[in-house]
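J.: Got a sequence here, can you build the structure:
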Amino acid sequence: MANQATRWRVGLEAVVAFGAGALWYAVGAVLLGGVLPHGAASVIAVLVLDVAVVLAVTRYWGIGYAVTIGIASVVALDWHYIPPTHTLALPDPRNSVALTAYLVTGVLLGLLAVLARRRAEVSEDARHLLADEQDALRRVATSVAEETAPMDVFASVTEEVGRLLALDLATLWRFEDDDTATVVGAWSAAPSDLRVGTRLRIEGDNVLVAVRRGSGPARADRPGTDGGQVGERLRTAGVRSSVGTPLLVDGRLWGVMVAASRSGEPIAPHTESRLREFTSLAATAVANAEAREELAASRARVVAAADRGRRDIERDLHDGVQQRLVALGLDLRVAEDLAVSGSEELLPTLTTLREGLVASLEELREIAHGIHPAVLSDGGLRPALANLARRSPVPVELEIDGVGRLPEQLEVGAYYVASEALANVIKHADATQVRVRVATEGPTVRLEVADDGVGGADPGKGSGLLGLVDRVHALGGSLEVHSPPGVGTSLTIVLPVGDVADTGTT
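T.: Down below sits the predicted model:
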């Protein structure tokens, strides 16, 4: 239908161009053959007029008409000025055929010029469109490479697609396990109730159903009569046609990108292939996010397993070996009391054995405390850190502000972060004082450990800070190191946690 209309339009333009050329030939013939005197001045005046008319026609009508009028001007000049000249009269049949041939040639040349120009314009438009598409893809790819949150990437993808393809509505849907789909990204040229978080049942006849059923692109060039909840929302938004492209993550169907138009004309062909590039980037963002979540969960499981192992060892030492050593110490004390006073060698030996046993018991308690202090489980982070500060050979200024009992995993993690940070200070910093501050800040716990040592600590060079970095990241937190040489080292650790009630300041 569109091609037929184009052919009719081209034919009409050819007829109009032919008539314009014939009319301008008549004007030139009248001027040169009858009105103006025969001479160079008249020819120059007509040439100037021809040039002005051709330029004006080119500017306002187009080059197709200008070519025909230009050829008509040349024919008029040839016939009425260059010998042998013709009189001002209607051309005879032979000259009429020649004039018609000239004008038809002008029309054809004009059409060819118009076609070439239109092709050049189409090529230039395509080049600009490709450049715009590459710019949009580059912006989204940069966002994905920067590990931006998936929801932000989805918002960027839908907006870029909507603006690039001149759509009325662009949405990104995630398929759920209960035969529903959730909008995770949305852009609309006009207000729409299809917002992020909208969850609808997948049913009826619409592009979501078609994509989910076939795992390939689908389009609906007119509204269906039974579109289900999704189709009803699209009709409410004024959508007349839509295209859906699947979003595949590691080979599985994760969701669908839907491009929609309120125009009566169907969405342009090849839209599906253009959407595919954007859905691929969105899929990469989803895959990256899932990989990061799995890595974080895996690291958290490893840390939790290590913490459980420490608690089990501490419990086994306390309930087993420590208790047996205590019993042996008591037995030796009884043996000392029962020793015969005349046994000069036996009593000192028993005393030495008991003292050695007591020293071993204390050393074992120290080891057990280092593995997992019982005070941490019984009293929480506050008394555990206070005990850690008392036992440090480097003076520790401890400040705990607004921290009560926290989730067990967080308490254990924060304690060992502080413990390992103090151990690094003792081993490497050559410090005279350490400041430890713990405070709750909304949904996070902030831990600061600062010393006045030699500084120059760098986690990237294999220092003892690597273990801290791994533990903090496993808890979903962040660690910032500031350690200029000669000034000391400052660690700032932020760990996520739910809001904690203030319990005072220590």
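J.: okay, CA-based contacts and neighbour counts for the rest of this
T.: Will do.
J.: now the strands for this structure?
T.: In the chain, the strands defined using DSSP state E lie at 169-175, 180-188, 199-201, 218-220, 241-249, 252-261, 396-401, 434-441, 444-451, 478-482, 490-496.
J.: Can you read off the backbone torsions of Gly264?
T.: Backbone torsions for Gly264, taken as degrees, to the nearest 10, come to phi -70, psi -20.
J.: Please read off the pLDDT at it from the model.
T.: Among the per-residue scores, Gly264 holds a pLDDT of 77.
J.: State the distance from Leu468 to Asn424.
T.: Using CA to CA, to the nearest Å, one gets 10 Å for the distance from Leu468 to Asn424.
J.: Comparing the two, which residue is more hemmed in?
T.: Leu468 (21 against 16; other CA atoms under 10 Å).
J.: what's the nearest residue to that one once chain neighbours are set aside in contact with, if anything?
T.: For Leu468, ignoring the flanking residues on the chain, the nearest one in space by CA to CA, 6 or more residues apart in numbering is Val417 at 6.0 Å. By CA atoms under 8 Å, 6 or more residues apart in numbering, the contact list for Val417 reads 468, 471-472.
J.: Endpoints of stretch 230-248, how far apart?
T.: 21 Å.
J.: Which positions in it come out as buried?
T.: Neighbour counts over stretch 230-248 (16 or more other CA atoms under 10 Å) mark 230-235, 237-248 as buried.
J.: quick one on the thing from earlier: tell me the one of the contacts of Val417 nearest Ala210?
T.: Val472 (45.2 Å; CA to CA).
J.: Check what pLDDT the nearest residue to Arg199 once chain neighbours are set aside gets.
T.: Leaving aside its chain neighbours, Arg199 sits nearest to Thr182 (4.3 Å; criterion: CA to CA, 6+ apart). Listed pLDDT for Thr182 reads 92.
J.: Same check on Leu491?
T.: On the pLDDT scale, Leu491 is placed at 90.
J.: Cross the contacts of Val417 against helices and list the overlap.
T.: With DSSP state H as the criterion, helices contain 468, 471-472 from among those.
J.: Can you redo those residues as CSV, where the extra columns are distance to Gly402 and pLDDT?
T.: Compiled in CSV, these are given as follows (distance: CA to CA, whole Å; pLDDT from 0 to 100):
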residue, distance to Gly402, pLDDT
Leu468, 23, 76
Arg471, 23, 75
Val472, 21, 82
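J.: Kindly export stretch 148-155 (C-alpha atoms) in CSV.
T.: Only the C-alpha atoms of stretch 148-155 are listed here, as CSV (Å, rounded to 0.1, in the frame of the first residue of the first chain):
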residue,chain,number,x,y,z
THR,A,148,25.6,-0.4,38.7
ALA,A,149,22.6,-1.8,40.5
PRO,A,150,20.4,-3.9,38.1
MET,A,151,17.3,-1.7,38.7
ASP,A,152,19.3,1.4,37.7
VAL,A,153,20.5,-0.4,34.5
PHE,A,154,16.9,-1.4,33.7
ALA,A,155,15.7,2.2,34.1
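J.: Just the buried residues of it, please?
T.: Across stretch 148-155, burial judged by 16+ other CA under 10 Å covers 150, 153-155.
J.: Export the strands of the chain to CSV and append columns for distance to Pro383.
T.: Shown next, in CSV, are the strands of the chain (distance: least, CA to CA, whole Å):
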stretch, distance to Pro383
strand 169-175, 47
strand 180-188, 45
strand 199-201, 48
strand 218-220, 63
strand 241-249, 48
strand 252-261, 48
strand 396-401, 10
strand 434-441, 12
strand 444-451, 15
strand 478-482, 24
strand 490-496, 19
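J.: can you tell me which residue is nearest the centre of the chain?
T.: Using CA atoms, centre = their mean, the residue of the chain that lies closest to the mean C-alpha position is Val153, 3.0 Å off.
J.: returning to what we had before: relative to Arg262, which of the contacts of Val417 is nearest.
T.: Closest approach between the contacts of Val417 and Arg262, by CA to CA: Val472, at 50.3 Å.
J.: pretty sure the closest one is in contact with Leu495, am I right?
T.: Yes. Contact between Val472 and Leu495 holds when scored by CA atoms under 8 Å: they sit 7.3 Å apart.
J.: And the biggest helix by length in the chain, what does it pack against?
T.: Longest helix in the chain by number of residues (criterion: DSSP H): helix 93-145. Counting by 3 or more CA pairs under 8 Å, 6 or more residues apart in numbering; DSSP states H and E, the packing neighbours recorded for helix 93-145 are helix 2-30, helix 63-80, helix 150-164, helix 271-316.
J.: Against which helices or strands is the shortest one packed?
T.: Applying 3+ CA pairs under 8 Å, 6+ apart, we find helix 150-164 packed against helix 93-145, strand 169-175, strand 180-188, helix 271-316.
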